[in-house]
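[1] Build me a structure from this.
(chains A and B)
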Amino acid sequence: MRRFDFLPGVRRLFRLPLRNTTAIHADIDEELESFLASRVDSLMTRGMSYDDARHEAVRHLGASIDHVRDQLHHSAELRERRMQFHEHLEDLAQDIRYAARGLVRRPAFTAVAVLTLAIGIGATTAIFSAVNVLLLRPLPVARPGELMRVSLSTPEVGQRKSIRDMVWSYPKATSFRASQQVFSSVSLYTWTQITITSGDVELIRGETVSATYFRTLGLAPSRGRDFALDVDAHAGAAPQAILSDALWQRRYNADPDIVGKIIDLDRKPYTIIGVAPQGFKGLTGQGELFTPITARSAADLSEAQSHEFFMVARRAPGVDEAQAEAAVAVLGKRINDLYPDQFVNNAPWGAAAHPLDAARVAPLIRRSLLVLFAAVGFVLLIACVNVANLLLGRASARRREIAVRLAIGAGRGRLVRLLLTESVLLSLIGAAGSIVVAWVGIRLLSGVNPATLPVQRGAGLGAVTFSSISLDWMALAFTLGVALVVGVFFGLAPALHATRASLADAMKEGGSGADNVRGSHAAVGRRLLVVAEVALALVLLAGSGLMIRSLTKLLAIDPGFDARNLLTTRLTIPPGGLSRDSLPGFYSQLTERLGALPGVTNVGLAACAPLGGGCNQTLIELKDRPKVEPARQPLVGVHWVTSDFFAAARVPLKRGRLFTTADRVGAPKVLLINETAARAFWPNEDPIGKRVGIGQGGFSDGAEVIGIVGDVRQVQDSAAKPDTYISYYQSPRAGMMVFIRTVRNPSALGGDVRRALHDLAPQFPVYDMQPMTERAASATAQARFSAVLLGLFAATALSLAVVGIYGVMSLAVTARTREIGIRIALGADQRRVQRLVVGEGLALVSVGAAIGLAGALLSTRVLQSLLFDLTASDPFTYVSILILLGGAALVASWLPARRASRVDPVVALRGD
Amino acid sequence: MALLKGTLDVLVLKTLSWTPMHAFEITSWLESRSTGRLVIDDAALLQALHRMEERKLIVADWGVTKNGRRARYYRLTPPGRAHLRAESERLVDHFEALTTVLATKKV
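    Numbering: from 1, shown residues only, chains lettered A, B, ... in the order given. Sure thing, here's the model as predicted:
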């Protein structure tokens, strides 16, 4: 009696939309009408007339019939919408599950694609974050585009090279400030070392600045107040200090009443007037404390030829960079007229202004980073190419499956959605992996010992360091976007193409479909992609190979001393800490004490460390030659040392003798020179016994050369320079570096040394304690950094290329299974088949390598300035990487080749 | 008499537990079984039926009444049966509690 409608069930099977609005409304209307009719029937059986019954039925509804109808319609619509939503969700869940199963079923494909995306994108993000911080992100000051660095410039004179960013002397700077009109605000600054002598004695770095410093930068102290402008008026101003936020937190526990308290700096009381904004450490990046320049004595600041200050200035509104630069140049001439160079005539100094941002990073670092950035771009490209290849190959292989689905009635839209889900899922997994890789990469990069990269002092880079690299969310978003685009595009395009295919076509060609046959569009496309990959990989390999080779050469240079088992530390004696006369006695005591520690074999002193690049230079006058104008006198390094320094650092004595205890203040002045100096100044004579004058240490009137020592490199990557050594006991200085040779691990000695020094002199801070090997490593940090990173990229690029080759070869073998089967059946042996496949692989690689080689030779020219003792077209490097690439290609093709040779001809010919 | 939403559902399910019915049959049955004391609001009934259909407690198919009219017949599903059991127990409990309280006579 009841007919059950089967339509909804069938509709569901084919996933057609269940009901549209009209149908829903019609259903409801019909049910309502049926309800009313039934009531009318029942009433009529009780004797009512039709009209009355109808009237009663409607009345019984409780509200007007239209109202009820509308209510029901509305509810039903909501329900329908909810149902459809859930159905869509279910579909999506099903798609995802199916896609996931598909990915799991082919673990190799999935792993490779995910890894490729993860590495490619992760690496890009990491390096971009670094580049962003170091090069692109603005300095933490107000409107940094308006700030300029103004410096003096000196011309080249004799051996003295021209310096473009010379620092200012106070009188010159004051003149400049008074006459300039293009800057709204000018400030001087320089870094200092200050000892806090109240409370815990501590040596800190600070900046001594003009009163306008914070204002020029557009900052204001977070507590207290800024220096008053009239502080700059004359020297000898009341001593005030502004603490950095870090110092305030660390040393004073963020004391809220810090303003107004007194702090002793180098034994002079200073009033704390404020705390700098959080995160600000001055333009040198190392300022823990800011004091006014004018707190120094007038005598100190009146020397026009004593240069020590950097200048930063903010352009006045309406003044552009060109105008500022021109005005500064003119002023520079005027300053030179006011304060001419006292040593040389006709060698005018000038002044120049540059945007502060431009001076941010040492050009060398900037170039390295940009090179790295290009490298990373390459890797990303390779990664995308690989993924594209993989996806295209996969889509080809599934043509048949897709055609069958279409045939049995699956909607095209539904199929596309299915394939899209796969691509997106893959991309998302790859993206998740890339976040991990990026995070790891960032940790690695920010761990590149920030202090050891040669930063330009005072150029503003100090305000940003490597340790402040963090994951750049913009970069991450960008690269994730790239991942999705690549995945979706290369997953979707072939999918769309495939769904258009006719069933017959797809079923015809055995197994993997026509797209894998040689010569077909897809196959050619994939081969082209592999060639491109190989070319790109080669370029990267070339770049990194050169950098690595350059680094090895750099590291192979003999620095002239033995850095192993050598602990170094600095000791400083604040002004007034010890009289000059008592210095030798103090240091003798120190040397004795340290020498008594267990495991210590030698203790020496020197004013500066080799490979530190911070040693003094001065002019040398050869007394046995005709007099030369001072400016044309040769430059030599000058080092204050004790005799034991040579023993501690294992610098050999070549001729003559070292200093003895007899060589002290009052005794005839003596000097040691190094081999380079001996060769340079007395090429055919014996230097021993000759008299020279050097411009430091009170030795200008002459000292006798008593010995020649081995060369010690001051800077790793250049030729040894002439050096002279003065005995410490003849010319005592306050701050010295201690060199301690030990038989055990130098770091283990650190605690003992500190204790000994503290016992001896608790009021003289010990700092900068490092094994010499660490210092030496810092000198090559730049090169190592670049080489390591570039090497990593090259390795990634190579592995990606290998994967690409493997993928293509693998697919080719699968496609040609039948052909291979025939060959084997006809008598080809395994070897022959293998050679066939490998040959094809190598052919591809050769083409790629040729293109890559050309590209590499062209692009590595950019690297030339970063290379040490190496040309950018160094044949050894290129041959090595070609061999490496060839080997990798061989391996990549060999696996599929092996598979090909194992093809069972019977199976191959029979099935598909 | 106004009914709580929940109780209407239970009543409908109970009705359908006898045999599949269409909307009017349900309301007639309930009226007659309760000897006229329960009068169901028509619109509410239809809403309740559609609601429970969405929750898969009942399913509906179009059929033909004895008068030859097309009508939508509802019947219980297994989840519907389970819901009926649970809810009717709860309701009976609830009302027993009510009657116990209301029936205590003042001493």
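[2] list the buried ones in the longest helix anywhere in chain B?
    What stands out as the longest helix in chain B, according to DSSP state H, is helix B:78-103. Burial within helix B:78-103, assessed by neighbour count using 16 or more other C-beta atoms under 10 Å in any protein chain shown, is assigned to B:80, B:83-84, B:87-88. In short, each C-beta sits where N, CA and C put it, glycine included.
[3] same check, this time on stretch A:726-743
    By neighbour count with 16+ other C-beta under 10 Å, stretch A:726-743 contains the buried residues A:726-732, A:734, A:736-742.
[4] next one: stretch A:294-314
    A:294-296, A:301, A:304, A:307, A:309-314.
[5] okay, the residues you listed in TSV with pLDDT and secondary structure next?
    Putting the buried residues of stretch A:294-314 into TSV (pLDDT from 0 to 100; DSSP: H, G, I helix; E, B strand; the rest coil) gives the following:
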residue	pLDDT	secondary structure
A:294	89	helix
A:295	87	helix
A:296	84	coil
A:301	84	helix
A:304	82	coil
A:307	85	strand
A:309	90	strand
A:310	90	strand
A:311	93	strand
A:312	92	strand
A:313	93	strand
A:314	93	strand
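[6] residue contacts, the closest residue to residue A:833 other than its chain neighbours?
    The spatially closest residue to residue A:833, leaving aside those adjacent along the chain, is residue A:901, at 4.5 Å (C-beta to C-beta, 6 or more residues apart in numbering or on different chains). By C-beta atoms under 8 Å, 6 or more residues apart in numbering or on different chains, residue A:901 lies in contact with A:830-831, A:833-834.
[7] give me that answer again for 10 Å
    Applying C-beta atoms under 10 Å, 6 or more residues apart in numbering or on different chains to residue A:901 gives the contacts A:813, A:820, A:824, A:828-837.
[8] Among those residues, which one sits closest to residue A:338?
    Closest approach to residue A:338 among those (C-beta to C-beta): residue A:837, at 81.0 Å.
[9] In this structure residue A:25 contacts residue A:75, no?
    No - using C-beta atoms under 10 Å as the test, residue A:25 is too far from residue A:75 to be in contact (11.8 Å).
[10] how close does residue A:20 sit to chain B?
    Using C-beta to the nearest C-beta, to the nearest Å, residue A:20 is found at 17 Å from chain B.
[11] what about the helices in the stretch 501-650 of chain A?
    Taking DSSP state H, counting those that start in this stretch as the test, the helices found in the stretch 501-650 of chain A are A:503-508, A:521-556, A:582-595, A:643-649.
[12] So what does whichever residue of the stretch 401-550 of chain A sits closest to chain B look like in phi/psi?
    Closest contact between the stretch 401-550 of chain A and chain B, by C-beta to the nearest C-beta, is at residue A:414 (24.7 Å). Main-chain torsions, residue A:414, degrees, to the nearest 10: phi -60, psi -40.
[13] quick one on the thing from earlier: so of the helices of the stretch 501-650 of chain A, which one's packed in deepest?
    Most buried of those by mean neighbour count (mean count of other C-beta atoms under 10 Å in any protein chain shown) is helix A:643-649; its value is a mean of 24.
[14] in stretch A:314-327, what's buried?
    So stretch A:314-327, judged by 16+ other C-beta under 10 Å, has buried residues A:314-315, A:319, A:324-325, A:327.
[15] Just the closest of these to residue B:103, please.
    So of these, ranked by how close each gets to residue B:103 (C-beta to C-beta), first place is residue A:314, at 91.0 Å.
[16] Low-confidence stretches in chain B?
    Low-confidence segments of chain B (pLDDT under 70): B:1-5, B:107.
[17] near chain A, which residues of it?
    Residues of chain B lying close to chain A by C-beta under 10 Å from any C-beta of the partner chain are B:20, B:22-28, B:39, B:41-47, B:49-51, B:53-55, B:59-67, B:69-73.
[18] Mind checking which of the residues you listed are buried?
    Of the residues of chain B next to chain A, these count as buried by 16+ other C-beta under 10 Å: B:20, B:22-28, B:41-47, B:49-51, B:53, B:60, B:62-63, B:65, B:71-73.
[19] Helices of the stretch 801-912 of chain A, residue ranges please.
    Taking DSSP H, counting those that start in this stretch as the test, the helices found in the stretch 801-912 of chain A are A:817-825, A:830-859, A:875-901, A:905-910.
[20] tell me, which of those helices is the model least confident about?
    Lowest mean pLDDT within those: helix A:905-910, at a mean of 74.
[21] Now do it: everything it contacts.
    The contact list for helix A:905-910, computed with C-beta under 10 Å, 6+ apart, reads A:510-511, A:816-826, A:828, A:903-904.
[22] So which bits of it are buried?
    Of the residues in helix A:905-910, A:905, A:908-909 count as buried by neighbour count, 16+ other C-beta under 10 Å.
[23] what does stretch A:172-182 give?
    A:172-177, A:180, A:182.
[24] May I ask which helix or strand encompasses residue A:666?
    Using DSSP states H and E, residue A:666 sits within no helix or strand.
[25] chain center to stretch A:196-216, what's the gap?
    30 Å (C-alpha atoms, centre = their mean, to the nearest Å).
[26] Number of residues surrounding the residue of the stretch 401-550 of chain A closest to chain B?
    Neighbourhood size, residue A:414 [other C-beta atoms under 10 Å in any protein chain shown]: 13.
[27] sorry, back to before: look over the buried residues of stretch A:726-743 and name the one with the lowest pLDDT score.
    residue A:734 (75).
[28] who touches the residue nearest to that one when sequence neighbours are not counted in this structure?
    Leaving aside its sequence neighbours, residue A:734 sits nearest to residue A:573 (C-beta to C-beta, 6+ apart; 4.2 Å). With contact taken as C-beta under 10 Å, 6+ apart, residue A:573 is in contact with A:195, A:582-583, A:586-587, A:733-736, A:761, A:763-765.
[29] ok so, going back, buried among the contacts of helix A:905-910? Make that a ChimeraX selection.
    In ChimeraX, this line selects whichever of these come out buried by 16+ other C-beta under 10 Å:
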select /A:816,817,818,819,820,821,823,824,828,903
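[30] Return the closest of the contacts of helix A:905-910 with respect to chain B.
    Nearest member of the contacts of helix A:905-910 to chain B, counting by C-beta to the nearest C-beta, is residue A:511, at 45.0 Å.
[31] May I have the secondary structure class of the residue positioned nearest the centre of chain B?
    Residue closest to the average C-alpha location in chain B (C-alpha atoms, centre = their mean): residue B:12, at 1.6 Å. Three-state call for residue B:12 (DSSP: H, G, I helix; E, B strand; the rest coil): helix.
[32] is it true that it touches residue B:38?
    No - judged on C-beta under 10 Å, residue B:12 makes no contact with residue B:38 at a distance of 11.4 Å.
[33] Name the residues contacting each of the two.
    Shared contacts of residue B:12 and residue B:38, defined by C-beta under 10 Å, 6+ apart, comprise B:27, B:30.
[34] What count of nearby residues applies to the nearest residue to residue B:29 once chain neighbours are set aside?
    The shortest distance from residue B:29 to any non-neighbouring residue, by C-beta to C-beta, 6+ apart, is to residue B:15 (5.3 Å). Residues lying near residue B:15 (other C-beta under 10 Å) number 19.
[35] Could you measure from residue B:15 over to residue A:142?
    78 Å (C-beta to C-beta, to the nearest Å).
[36] Generate TSV for the buried residues of stretch A:172-182, with distance to chain B and secondary structure as supplementary columns.
    Converted to TSV, the buried residues of stretch A:172-182 look like this (distance: C-beta to the nearest C-beta, whole Å; DSSP: H, G, I helix; E, B strand; the rest coil):
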residue	distance to chain B	secondary structure
A:172	87	helix
A:173	83	helix
A:174	86	helix
A:175	88	helix
A:176	83	helix
A:177	82	helix
A:180	81	coil
A:182	77	coil
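[37] Next up, the contacts around residue 43.
    Using chain A here. Residue A:43 is in contact with A:49-50, A:52-57, A:60, counting by C-beta under 10 Å, 6+ apart.
[38] You answered for a different chain; I wanted chain B.
    Counting by C-beta under 10 Å, 6+ apart, residue B:43 has contacts A:32, A:61-63, A:65, A:67-69, A:71-72.
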